[in-house]
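**Student:** need coordinates for the following:
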Amino acid sequence: MLRAGSPSALVLLVALATLTSISIAIYLPAMPTLAADLGASMEMVQLTVSVFLVGVGLGQLVYGPASDRFGRRPALLFGLVVYGLGSVACALAPTIGVLLAGRALQAAGACAGMALVRAIVRDTYPRERMAGALSTVTGAVAISPTLAPIIGSQIYLAFGWRADFYFLAGFAVLLLVLAIVMLPETNQHRDPTALAPRRLAANYGMLLGNRVFLGHMLAGGLALSGAFAYTVASPFILIGRLGVRPDIFAFLMFSTTLGYVIGTWLAPRLSRRIGLERALRLGAAICAAAALVMVAVALSQVITVVTVVGGMTLYMIGMGMALPLSMAGGIGPFPRMAGAASALIGAGQMVSGSVASAGSAMAAGWGVAGLAMVVVCTGGGALAAAFLLVRVPDARS
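**Tutor:** All right, here's what the predicted structure looks like:
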C-alpha cells in the first residue's frame, strides 16, 4: 500500500477523477456511425450524454454517505466494478435502449470516482495543502476531455465505435487493480448511521443550511457551469459560424484548457498568500469579468476566433481558480461527513452544469449572444455567492 497523500497516490486519484470526463468525451467522434449502426436518431444518441450526467450527479449523493459509513476504499472498489460492467454493456448494446441502460450503469459507477476522490483528499491533506491537491486533480479533469476524443477517434477508426467502450472497460479494470494494490483506507471517522434515511436527510439538510458550505458549493458550481455552456456552444459558434475546421477546433479547445490549467496553478499559491476565501473571490471576479468581455464581443459584433476563444480562456482562468478553492473550502470544515459534503458539491456541479448546457443549447441559434447570456448568469452568480455567502476569516487561511 502507498502512503496516503504521497505523489504516487495522488497520480492514482487523478486517474480516478478523470473517469467521468473521459467517459463523456471519448466516443463523441463516433456518434454519427453509432447512430447509423443502431438505427437511432442523433437526438437519441446525444441523450446518452445527458443520461450519463444525470446518473453521475445523483449517484454521488449515495456514494458519499456510503463512504462515510463503510469507508472510501470499499465504496470506490464497488463503483469501479459497476462502471466496468456498464462499459461492457455499452460495447455489446444491440439497440439504443440497451446503450442508454449501459450508460446509466456506467454513471452509477463513475460517480464513485468523482465523489470519493475529493473526500480522500480531504482525509489525507491538511487544509493549506488541500487546495493544491485539488488543483492537480481538477486540472487533469479539465485536460482529459480534450485528449479523450483524440484517443477515441483513433480507436474508433481502427476498430469501430464499440472498441471505445471496451477501452473504458479495460481502463476500469486497470484502475481497480491499482486501487486494490495501492490505495489504503483513509476514512478514520466512520459514521455507522451515515446511511440511515433520517441521518442522511439531516446531514444534507445541515450542509445546505450552512451558509459557508452553500456559498462554496454555488461559487464553484456556477463557475464550472459556464465551462459546460461553452462546451455545448463552441461547435456551433466556431465551426458553424466562423468556419473553423474540426481538426483546428480540437486545438482551440486546448487554448481554453490551458486557461483552466493556469487557474489551477494560481489557486494554491494565491490561497497561501491571501487566504483561500479571498482567492476564491478573485477567481469568481475573473469569471464575471470574462462574461462581460463576452457580452461586449456580442454587442460589438466583432466576433472572431480570437475574441471568442480569448474571452472564454479568461473565463477558464477564473474557473480554474474557483473550482478547487470552493471544493477545499466547502469540504474542509466537515471531517465527519466529508463524503456527504463532497457528494453534495459534486451533485450540485452536475445539476447546475446540466442546466447551463441545456440553456446554451437552446440559445445556440443566437450564437455568441446566447453564450454571453449564459456565462453572465454563471459568472455573475459565482461572484455573488463568493461575496454574499462565503465568510472571509480575520486571520489568513
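**Student:** show me what the longest helix anywhere in the chain is packed up against.
**Tutor:** If each helix of the chain is counted by residues according to DSSP state H, the longest one is helix 127-159. Using 3 or more C-beta pairs under 8 Å, 6 or more residues apart in numbering; DSSP states H and E, the elements in contact with helix 127-159 are helix 7-17, helix 19-25, helix 96-124, helix 162-182, helix 246-274, helix 305-331. For glycine as for every other residue, the C-beta is placed from the backbone atoms N, C-alpha and C.
**Student:** which of those is buried the deepest?
**Tutor:** helix 305-331 (a mean of 27; mean count of other C-beta atoms under 10 Å).
**Student:** okay, angle between it and helix 246-274 too, please.
**Tutor:** 40 degrees (axes from the mean of the first three to the mean of the last three C-alpha atoms, to 10 degrees).
**Student:** what about whichever helix or strand comes after helix 305-331, average pLDDT?
**Tutor:** Next along the chain after helix 305-331, taking DSSP states H and E as the criterion, comes helix 338-362. Mean pLDDT, helix 338-362: 76.
**Student:** ok, now stretch 18-29?
**Tutor:** Average pLDDT, stretch 18-29: 84.
**Student:** so for the residue of the chain most remote from its centre, what's the pLDDT?
**Tutor:** Taking C-alpha atoms, centre = their mean, the residue of the chain most remote from its mean C-alpha position is residue 300, at 32.4 Å. Note for residue 300: predicted pLDDT of 90.
**Student:** ok, residue 157 next?
**Tutor:** So, for residue 157, pLDDT stands at 84.
**Student:** residues near the residue lying closest to residue 96 once chain neighbours are set aside, how many?
**Tutor:** Spatially, and ignoring its direct neighbours in sequence, residue 96 is nearest to residue 40 (3.8 Å; C-beta to C-beta, 6 or more residues apart in numbering). Here the count is done by other C-beta atoms under 10 Å, and residue 40 has 20 residues near it.
**Student:** ok, residue 40 touching residue 94?
**Tutor:** No: in this structure, residue 40 is not within contact of residue 94 by C-beta atoms under 8 Å, at 11.6 Å.
**Student:** quick check: neighbours shared by these two?
**Tutor:** Counting by C-beta atoms under 8 Å, 6 or more residues apart in numbering, residue 40 and residue 94 have no shared contacts at all.
**Student:** buried stuff in stretch 49-57?
**Tutor:** Neighbour counts over stretch 49-57 (16 or more other C-beta atoms under 10 Å) mark 49, 51, 52, 53, 55, 56, 57 as buried.
**Student:** so the residue nearest to residue 96, which of the three states?
**Tutor:** Using DSSP: H, G, I helix; E, B strand; the rest coil, the structure places residue 40 in coil.
**Student:** what's the pLDDT at it?
**Tutor:** Residue 40 is assigned 86 on the pLDDT scale.
**Student:** next one: residue 149
**Tutor:** For residue 149, the model assigns a pLDDT of 75.
**Student:** ok, now residue 142?
**Tutor:** 68.
**Student:** please apply the same query to residue 109.
**Tutor:** Reading off the confidence values, residue 109 has pLDDT 94.
**Student:** hmm, it is touching residue 86, no?
**Tutor:** Yes: Residue 109 is within contact range of residue 86, at 5.9 Å (criterion: C-beta under 8 Å).
**Student:** from residue 107, how far off is the residue nearest to residue 96?
**Tutor:** Using C-beta to C-beta, to the nearest Å, residue 40 is found at 19 Å from residue 107.
**Student:** swap in residue 267?
**Tutor:** Residue 267 is 28 Å from residue 107, where distance means C-beta to C-beta.
**Student:** and what of residue 62?
**Tutor:** According to C-beta to C-beta, residue 62 and residue 107 sit 12 Å apart.
**Student:** again, but for residue 9
**Tutor:** Counting by C-beta to C-beta, the gap from residue 9 to residue 107 is 25 Å.
**Student:** what do you get for residue 194?
**Tutor:** Counting by C-beta to C-beta, the separation of residue 194 from residue 107 is 22 Å.
**Student:** likewise residue 368?
**Tutor:** For residue 368, the distance to residue 107 equals 32 Å [C-beta to C-beta].
**Student:** cool, thanks, talk later.
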